[in-house]
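1. fold the following for me, if possible:
(2 chains)
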Protein chains: 2
Amino acid sequence: MTSTSELESIDTLVSRSLSDSDLEEFNRIYYGRKDKHSLAIKTENIEYAEKNNFEIAAYDFPAQKEECRSPRIVRVGIIQNSIATPTDKPINEQRQGIFNKIRNIIDTAAAEGVNIVCLQEAWGMPFFFCTREKLPWCEFAESATEGESVQFLKSLAVKHGMVIVSPILERDDAHGDTIWNTAIVIDECGKVIGKHRKNHIPRVGDFNESTYYLEGNSGHPVFGTKFGKIAINICYGRHHPLNWLMFGLNGAEIVFNPSATVSGLSEHLWGVEARNAAIANSYFTCAINRVGTEKFPNEFTSGDGKPAHKDFGHFYGSSYVTAPDGSRTPGLSRIKDGLLIAQLDLNLCRQIKDKWGFTMTQRLDLYANSLSTKNFDQMKMQQQKFGPNVSTRNMLP
Amino acid sequence: MTSTSELESIDTLVSRSLSDSDLEEFNRIYYGRKDKHSLAIKTENIEYAEKNNFEIAAYDFPAQKEECRSPRIVRVGIIQNSIATPTDKPINEQRQGIFNKIRNIIDTAAAEGVNIVCLQEAWGMPFFFCTREKLPWCEFAESATEGESVQFLKSLAVKHGMVIVSPILERDDAHGDTIWNTAIVIDECGKVIGKHRKNHIPRVGDFNESTYYLEGNSGHPVFGTKFGKIAINICYGRHHPLNWLMFGLNGAEIVFNPSATVSGLSEHLWGVEARNAAIANSYFTCAINRVGTEKFPNEFTSGDGKPAHKDFGHFYGSSYVTAPDGSRTPGLSRIKDGLLIAQLDLNLCRQIKDKWGFTMTQRLDLYANSLSTKNFDQMKMQQQKFGPNVSTRNMLP
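-> Numbers count the residues shown, from 1 in each chain, chains lettered A, B, ... in the order given. Okay, the predicted model is just below:
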């Protein structure tokens, strides 16, 4: 399911091409730290990952020592996966194939002491929205409390005492069988403590998601888990700074961005958006992208004038973590399943707020006023201030 | 005034280290296009730049052909400069030294057909806020309509039929001699058509700017010039996504970000924030940073526990332009004065809005409601929805 003609990653490309001193400068300017702060991984886990064909990498984000607060260390694990079987196999077989992979990876994460795992968007199915076909694909939708993947992950959460964030296709059978793009949060006791429904839905390229579900109605919840306050900004929501902002205002310390996006569309944006969100909101962000090329049974067109075809393009993986100070890890591979472990000291969030002062200086009252519907309507009728060619909103006298 | 022990740029570092095919992949993933779309520069202007010790570079951002709109091509020129004399020279001598450099660069921009020039933040003076001294530095402040640098640039605007955006230190003598950090816009007839006062003021490191001026009161004006609708997000405002957002909502097609920021503080953020703004708001952004190391007469401390010293650190230049599609130019040098010319087809803004749909899907009503002061206060008293550990705002039933 992975394409081997694709580049592994620009991180490895740069690492192997630059001299040591050049690489140090590159790392300082690009990643935000000269040294990548790799953490040691147990030999048996490295071997297990190799045998099971997934990448494993681990990085540290320490904070300064404080007198009045102890370090608040949490290990997060983000997982990117390709599908496991051809897409014309029975639903249950496709699903089970992916479950088997994910079990291996989550077990490995647990063996490395990971506390919170987050999976990619719609991890348990092919990303079939390119087809615009309803059956059999809608059969992947499931209950957010009792569905197949929910039960599968509940047992792993209990087994490992781990919080698991699972992006599923939710079937809300209590409310008209509506489908939602939803992330559920399972706590370390195996209880679903809440869910978030994707706030912003794409209509771009093959991302015909609004054929299946619409904008979420769950606001911007932040989940106070045993290991930290977390939120989920699903996929296309990463293009919307206000979406990121609200999770921050609601207290998130870590925001996961489970995604599915392809080369040729968004790859040059990938390193920018989740990273900018970490900087602007003084929290950790974890950007997770699906990996591999998925081929579908029937041909479809992509609204780009090109001939009908059967594959979505290449999901480029490249999952990475950014700290509130804007430093980031290298990305996982563009072509291979992977587990990226990041050890975070959550104290860094407040330390960076104190350092940079973005919260203190953000002037929310100004923007709340500017964005209100009332002002929007007024604006249209407003006399312009500095002359006929100047538009303005909330211009003070 | 420039430090030659500093790296020239990571762009040149990568270009000289990677093979052609690797560089193409790096460029595709990092810059958003395999080819940098360099534009030819006239030989006499290259020679003039070399003789006068500034870099010159030019890039193209074309758009697709449309049937009902002609291309709307504009050439912007962004200028980064070091100071020209030691900071203990008389104010007028310091200022005149910089004027002489800037005249050379603007004349060259005009000779390359540039329509809109933007200078860096506080371009006509050393960035003295590190000192916290009032005299002589406050003498650099000037009238936004009649000041020394305003008159200097008005004459260049008329000479070249060029719009010039000039970030100055404004002395508002009509209102209590207040000082503001202000960008003025001079049209191609030499008229000051408006101004914008910096919305967000830093209190970080040596950026003691709030010792001199406070948050601006001019909202988010967009200036409808002959060559396109432009706005200015001054320096620290680039850390605030809402600031960028409002300029976009008010109709900006190009947002300049005249800045002054130093290595060790923000360099790893520099390539992220203005670029993210271009993506999120489907407009062009032009990020401009001062260059060189500035030494002051008296020693000062930096609130970092280190001994008193006399220099601010290294302003790393690296000015660059990003298109609404997220592709960007390489940065100018980290160590040298420079002129970056970008030829923009402004039709690209609407084309990208149509492609990605960020405006259509941004749900401003939701966020206006979430950000309103009323909701903020309510939130504190609000019963939490999914259990005691879940915070939420605007959670629908």
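
2. going forward, measure contacts between C-alpha atoms and count neighbours the same way
-> OK.

3. tell me the pLDDT of the residue minimising distance to the centre of chain A.
-> By CA atoms, centre = their mean, the mean C-alpha position of chain A lies nearest to residue A:257, the distance being 2.0 Å. Predicted confidence (pLDDT) for residue A:257: 98.

4. how about residue A:174?
-> 94.

5. likewise for residue A:110?
-> pLDDT recorded at residue A:110 is 98.

6. can you tell me which residues contact it?
-> Counting by CA atoms under 8 Å, 6 or more residues apart in numbering or on different chains, residue A:110 makes contact with A:160, A:162.

7. doesn't it belong to a strand?
-> No - counting by DSSP: H, G, I helix; E, B strand; the rest coil, residue A:110 falls outside a strand, being helix.

8. measure it to residue A:157 for me?
-> For residue A:110, the distance to residue A:157 equals 10 Å [CA to CA, to the nearest Å].

9. between these two, what contacts are shared?
-> Contacts common to residue A:110 and residue A:157, judged by CA under 8 Å, 6+ apart, are absent.

10. if we can go back for a sec, just checking, the residue nearest to the centre of chain A touches residue A:290?
-> No - look at residue A:257 against residue A:290 with CA atoms under 8 Å: they stay out of range, at 11.4 Å.

11. overlap in contacts of the two?
-> Among the neighbours of residue A:257, none is also in contact with residue A:290 (CA under 8 Å, 6+ apart).

12. around chain B, which positions in the stretch 51-200 of chain A sit nearby?
-> When proximity is defined as CA under 8 Å from any CA of the partner chain, the stretch 51-200 of chain A approaches chain B at A:193, A:194, A:200.

13. hang on, the last one in a strand?
-> No - when three-state DSSP is applied, residue A:200 is found to be coil, with no strand at that position.

14. I'd say it and residue A:213 touch.
-> No - Residue A:200 is not in contact with residue A:213 according to CA under 8 Å; the separation is 10.6 Å.

15. more neighbours, the two?
-> It is residue A:200, of residue A:200 and residue A:213, that has more neighbours when counted by other CA atoms under 10 Å in any protein chain shown, with 24 against 16.

16. contacting residues for that one?
-> By CA under 8 Å, 6+ apart, residue A:200 lies in contact with A:215, A:216, A:236, A:237, A:240, B:361, B:362.

17. and if you look at residue A:324?
-> If you count contacts by CA under 8 Å, 6+ apart, then residue A:324 has A:278, A:279, A:281, A:282, A:283, A:284, A:348, A:349, A:352 around it.

18. go again using 7 Å as the cut-off
-> Counting by CA atoms under 7 Å, 6 or more residues apart in numbering or on different chains, residue A:324 touches A:278, A:279, A:282, A:283, A:284, A:348, A:349, A:352.

19. over to residue A:256?
-> Counted by CA under 7 Å, 6+ apart, residue A:256 has contacts A:231, A:232, A:233, A:285, A:286, A:287.

20. tabulate those residues (CSV), appending neighbour count.
-> Below are these laid out as CSV (neighbours: other CA atoms under 10 Å in any protein chain shown):
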residue, neighbour count
A:231, 29
A:232, 32
A:233, 28
A:285, 32
A:286, 28
A:287, 31
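
21. the residues you listed also near chain B: which ones?
-> Counting by CA under 7 Å from any CA of the partner chain, nothing from these sits close to chain B.

22. out of these, which is nearest to chain B?
-> residue A:231 (9.8 Å; CA to the nearest CA).

23. show me how far the strand or helix carrying the closest one is from its chain's centre.
-> Using DSSP states H and E, residue A:231 maps to strand A:228-232. Averaging C-alpha positions (CA atoms, centre = their mean, to the nearest Å) puts strand A:228-232 12 Å from its chain's average.

24. now what about that strand, what contacts it?
-> Strand A:228-232 is contacted from outside by A:196, A:221-224, A:247, A:251-257, using CA under 7 Å, 6+ apart.

25. ok, back up a step: which of the contacts of residue A:324 are buried? Put it as a PyMOL command.
-> The PyMOL selection below is limited to those of the contacts of residue A:324 classed as buried (16 or more other CA atoms under 10 Å in any protein chain shown):
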select buried, chain A and resi 278+279+282+283+284+348+349+352
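
26. what about residue A:358, helix or strand, and which?
-> Here residue A:358, judged by DSSP H and E, is contained in no helix and no strand.

27. right, I mislabeled it, should have said residue A:286
-> strand A:284-289.

28. now do that strand against strand A:228-232, angle only.
-> 40 degrees (axes from the mean of the first three to the mean of the last three CA atoms, to 10 degrees).

29. run the chain-centre distance for strand A:284-289.
-> Relative to the mean C-alpha coordinate of its chain, strand A:284-289 is positioned 4 Å out (CA atoms, centre = their mean).

30. who's in contact with it?
-> Applying CA under 7 Å, 6+ apart, the contact partners of strand A:284-289 are A:78-80, A:120, A:253-261, A:274-275, A:278, A:316-324.

31. and the residues you listed, which of them are buried?
-> Buried, going by 16+ other CA under 10 Å: A:78-80, A:120, A:253-261, A:274-275, A:278, A:316-324, out of those.

32. sort out which one of the contacts of residue A:324 lies nearest chain B for me.
-> Comparing the contacts of residue A:324 against chain B with CA to the nearest CA picks out residue A:279 as the nearest, at 7.7 Å.

33. for residue B:203, see how far away that closest one is.
-> Where residue B:203 is concerned, residue A:279 sits at a distance of 16 Å (CA to CA).

34. what about the helices in chain A?
-> Using DSSP state H, the helices found in chain A span residues A:10-17, A:20-30, A:43-51, A:91-111, A:148-160, A:241-249, A:267-281, A:347-356, A:364-371, A:373-381.

35. what angle sits between the third one and helix A:91-111?
-> Between helix A:43-51 and helix A:91-111, the angle comes out at 160 degrees (the same axes, to 10 degrees).

36. packing partners of helix A:43-51?
-> Applying 3 or more CA pairs under 7 Å, 6 or more residues apart in numbering or on different chains; DSSP states H and E, one finds that helix A:43-51 makes contact with strand A:54-61.

37. return the distance of the strand it packs on from the chain's centre.
-> Centre to centre, stretch against its chain (CA atoms, centre = their mean), the figure for strand A:54-61 is 16 Å.

38. show the average pLDDT along it.
-> 98.

39. report the angle between that strand and helix A:43-51.
-> 140 degrees.

40. outside of strand A:54-61, which residues touch it?
-> With CA under 7 Å, 6+ apart as the criterion, strand A:54-61 contacts A:37-39, A:46, A:49, A:329, A:336-345.

41. chain B: which of those is nearest?
-> Chain B lies nearest to residue A:329 out of these, by CA to the nearest CA, at 12.6 Å.

42. what about residue A:303, how many residues nearby?
-> So residue A:303, with other CA under 10 Å, has 11 neighbours.

43. for it, what are its contacts?
-> residue A:205.

44. which of the contacts of residue A:200 fall in strands?
-> Among the contacts of residue A:200, no member is found in strands (DSSP state E).

45. adding neighbour count, write the residues you listed out as CSV.
-> Listed next are those as CSV, based on neighbours: other CA under 10 Å:
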residue, neighbour count
A:215, 16
A:216, 17
A:236, 22
A:237, 24
A:240, 24
B:361, 18
B:362, 20
